[in-house]
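*Asks:* Fold the following, please.
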Amino acid sequence: MDVRTFPVLTDEDHPLVARLSVGVGENTARVLAYLLCRRADPDLADPATRTAIHIGAGVSKNAAADALDDLVAADLIDETTAETAAPGRPPKAWYAAESESKTIRRTYVRHANRLIEQGRHTVTALESVSSESGDPCEADSGAAPNPVDEWGDANGSDSTATGVRSAPERASIALNWQSNPLHLPLFAAGDGSASDVSFTFDEYDGSREAASAVASASCDVGVAGAATILRERTRGQPIVPIAVYFQRSMVVLYTTQAAFGGPFERTDQLEGRRIGISSGTETGLLGRLFLEQAGVRDAVELVDIDGEEQAALRSGSVDAVTGMVPDPDRLETAERTVDAVTVSDAYPAYGPALIATERTLRHRKPLLESVLVAAMAGWADAVYATETAAKAFASEIDQPSEHIARTFDRATDRFGSNDAVRRSGWGWHSPDEWRNLKDALAQGGILKTGGT
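*Replies:* Numbering: from 1, shown residues only. Reported below is the predicted structural model:
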């Protein structure tokens, strides 16, 4: 009997797996972490066979094979053959090409470029422009746009290959609201101490204003809700999503049992009710989409409440309102029971995304690469070292670090990830998903596609 033993990843290796998964997805991160751990151990520095990797990384044989192919293609690991005393062709083996810190950096740079490319494909998916217009975002019968011909040098700068940039840059970020716990990763990334870019932040009154700031070049990059991004594009704003910050929308429809006259348990209970929305906001857009998808839009009365959701509920002028996930928690007390339904539970809309202009995508790709690499590092710090990041952020927004950490943890647990992120890494977005959301908004009469 042939008995063999293999080293395996342990709980102590989880922080490394977690940071790598931001850039490559979970299974690939486990394979890469395993090879990095072997590289760091003098007794295990020899290349690992496929069997050793499959067992040591704790992933299936197919997942290990796919991860190895991906990592070799990305030049993150090298392939060789294993030394063996057995006759015949020696088996393939793999080893980590560089140190842990350099490898994490390279995974983030590579992933940043993949996200940017998804942004380019999203422009193509959202627009259908005649070739006579000469528009560089022209659709091309389903093929991916040629990044060299239509968008300039696909590699941007030598930094994509080397992970080294000549000088730090500063990027201005338009926030979609006052700084709050949901912005924790951006602030964790923004000091520039471990990246090629430092951030300055400008606060705006909602996603629409943040998108306008980016479109007018007042800010380099912004945070805006998915529905607002699509609406502003139909109005001629040349903004492009480059990464989805939270994978699911945090918009909710909620009420108190006092205002509703009892528990709110089913969407058909909304028929004949007055629903308070803030017109033109992300919550208003997705709240209307929820009502359309639930089939009750024509059976309710919409009341514009201009952002005063809780006051409208207390006054009895409406029966339910739209808002964001933290709003019901702030409203609920021992004397007041709040019932809520999350829009993305009924319709899979993206949450807030990072946006840039088409011009920035064409001509300032190295800056966007730096922003996304920093954002990934900040996301990893915020998610996997939450207490430390929250303590540093607490002085910026004058909130207790415990509240920041708790609010951010709840948001990421419910809205921060999905299967696409687990496969491909943080921020992943699909042109098809953007197109589907646009179509749903247009079919519901919520999004005007005529440029108005």
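*Asks:* so what does the longest helix along the chain touch, helix or strand wise?
*Replies:* Identified as the longest helix of the chain according to DSSP state H is helix 100-126. Helices and strands touching helix 100-126, by 3 or more CB pairs under 8 Å, 6 or more residues apart in numbering; DSSP states H and E, are helix 14-24, helix 26-40, helix 147-151, helix 159-162, strand 239-244, helix 358-363, helix 365-384, helix 431-443. C-beta: built from backbone N, CA, C; applies to glycine.
*Asks:* now that helix against helix 431-443, angle please.
*Replies:* 40 degrees (axes from the mean of the first three to the mean of the last three CA atoms, to 10 degrees).
*Asks:* buried residues in helix 100-126?
*Replies:* 100, 103-126 (16 or more other CB atoms under 10 Å).
*Asks:* Select, out of the helices and strands packed on helix 100-126, the one closest to residue 319.
*Replies:* The closest of those to residue 319 is helix 431-443. By CB to CB, the value is 24.3 Å.
*Asks:* now stretch 381-390: mean pLDDT?
*Replies:* The average pLDDT within stretch 381-390 is 95.
*Asks:* do the same with stretch 50-59
*Replies:* pLDDT averaged over stretch 50-59 gives 96.
*Asks:* tell me the domain boundaries of this protein?
*Replies:* According to automatic domain parsing, the chain comprises the domains 11-97, 103-246+350-443, 251-346.
*Asks:* Now render these as CSV, adding distance to residue 5.
*Replies:* Putting the domains of the chain into CSV (distance: least, CB to CB, whole Å) gives the following:
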stretch, distance to residue 5
domain 11-97, 9
domain 103-246+350-443, 26
domain 251-346, 46
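*Asks:* Out of those domains, which gets the lowest mean score?
*Replies:* domain 103-246+350-443 (a mean of 86).
*Asks:* pretty sure residue 368 contacts residue 221?
*Replies:* Yes. Residue 368 is within contact range of residue 221, at 7.3 Å (criterion: CB atoms under 8 Å).
*Asks:* hey, what's in contact with both of the two?
*Replies:* Contact with both residue 368 and residue 221 is made by residues 242, 356, 360, according to CB atoms under 8 Å, 6 or more residues apart in numbering.
*Asks:* Contacts only, for the first one.
*Replies:* Residue 242 sits next to 115-116, 118-119, 221, 353-356, 361, 368, 372, 427 when contact means CB under 8 Å, 6+ apart.
*Asks:* how close does the nearest residue to it once chain neighbours are set aside get to residue 362?
*Replies:* Excluding the flanking residues, the one nearest residue 242 by CB to CB, 6 or more residues apart in numbering is residue 119, at 4.4 Å. Using CB to CB, to the nearest Å, residue 119 is found at 11 Å from residue 362.
*Asks:* Check residue 303 too.
*Replies:* 43 Å.
*Asks:* do the same with residue 51
*Replies:* Taken as CB to CB, the span from residue 51 to residue 362 is 46 Å.
*Asks:* repeat for residue 82
*Replies:* For residue 82 relative to residue 362 (CB to CB), the value is 46 Å.
*Asks:* again, but for residue 112
*Replies:* 16 Å.
*Asks:* Show the contacting residues for residue 49.
*Replies:* Going by CB under 8 Å, 6+ apart, residue 49 touches 82, 91-93.
*Asks:* give me that answer again for 10 Å
*Replies:* 6, 55-56, 81-82, 84, 90-94 (CB atoms under 10 Å, 6 or more residues apart in numbering).
*Asks:* same deal with residue 97?
*Replies:* Residue 97 makes contact with 35-36, 39, 71-72, 75-78, 103, 106, according to CB under 10 Å, 6+ apart.
*Asks:* Go ahead and build a PyMOL selection from the buried members of these.
*Replies:* In PyMOL, this line selects whichever of the contacts of residue 97 come out buried by 16+ other CB under 10 Å:
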select buried, resi 35+36+39+71+76+77+103+106
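*Asks:* Return the member of the contacts of residue 97 nearest to residue 12.
*Replies:* residue 36 (13.1 Å).
*Asks:* Contact partners for the closest one?
*Replies:* With CB under 10 Å, 6+ apart, residue 36 has these contacts: 13, 16-17, 20, 76-77, 95-100, 103-104.
*Asks:* Make TSV from these and add distance to residue 29 to it.
*Replies:* Output for the contacts of residue 36, formatted as TSV (distance: CB to CB, whole Å):
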residue	distance to residue 29
13	10
16	8
17	5
20	4
76	11
77	13
95	17
96	13
97	16
98	16
99	16
100	12
103	11
104	10
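*Asks:* what are the ranges of the helices in the stretch 251-400 of the chain?
*Replies:* Ranges of helices within the stretch 251-400 of the chain are 257-260, 282-294, 309-315, 326-331, 343-346, 358-363, 365-384, 386-397, based on DSSP state H, counting those that start in this stretch.
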